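Q: coords below, sequence missing:
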């Protein structure tokens with residue numbers, strides 16, 4: 001992926017394969033930033049409006065960890081203060097940090113801000129991240145339904161589709177339990 005990005009004039013960063021938190025910290029330090037909104041490449045439907053809300057919250061008073069809570073898995077980015085991230089990395093014992101939000105949310109030393117989702121988007125039972133074959137089938141079905149050449153579709157359109165056709169949600173409904 002990094003090679004494809006570089007061939008297209010996009011800088012990439014590679015870090016630890018297993019330790020996401022160390023990878024994020026190393027990348028932030030390399031680029032000398034103090035706050036990052038982290039979106040993994042397998043979160044295809046992460047919405048720009050959600051990222052904007054996270055950035056606005058940070059500018060408005062912030063927090064060490066900011067998400068729009070109650071959305072489907074894979075739709076929110078994760079706003080992280082890099083100084084807080086460095087503290088988490090220094091104190092963690094695990095190397096596999098695939099699921100990492102609890103390092104902030106469960107620790108009262110950090111200010112976690114859980115923003116409410118737009119009501120029509122509040123479907124934490126939906127899974128929109130790409131880890132398993134059934135996730136791929138889910139994404140293919142959504143794209144088959146909504147994609148039109150030269151036009152981007154919105155998350156409002158995705159939510160409306162899934163409410164109309166719950167059989168699409170059922171495609172990967174069991175994958176989250178396996179993942180966790």
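A: Received the coordinates, thanks. Since we're looking at a predicted model, the values are computed, not measured.

Q: contacts, neighbours, all on C-alpha from now
A: Will do.

Q: would you agree residue 79 is in contact with residue 24?
A: No - counting by CA atoms under 8 Å, no contact exists between residue 79 and residue 24, whose distance comes to 11.5 Å.

Q: which residues does the residue lying closest to residue 112 once chain neighbours are set aside contact?
A: What sits nearest to residue 112 in space, not counting adjacent residues and going by CA to CA, 6 or more residues apart in numbering, is residue 65, at 4.7 Å. Residue 65 makes contact with 78, 79, 80, 81, 104, 105, 110, 111, 112, 113, according to CA atoms under 8 Å, 6 or more residues apart in numbering.

Q: so how far is residue 75 from residue 45?
A: Separation of residue 45 from residue 75 (CA to CA, to the nearest Å) stands at 6 Å.

Q: and residue 168, by the same measure?
A: 17 Å.

Q: give me the more crowded residue out of the two.
A: Taking neighbours as other CA atoms under 10 Å, residue 168 and residue 75 compare with residue 75 leading, 26 against 18.

Q: wait, that one touches residue 41, no?
A: No - using CA under 8 Å, residue 75 is not in contact with residue 41; the gap is 11.5 Å.

Q: residue 16 should be in a strand, yeah?
A: No - applying DSSP: H, G, I helix; E, B strand; the rest coil, one finds residue 16 to be coil, outside a strand.
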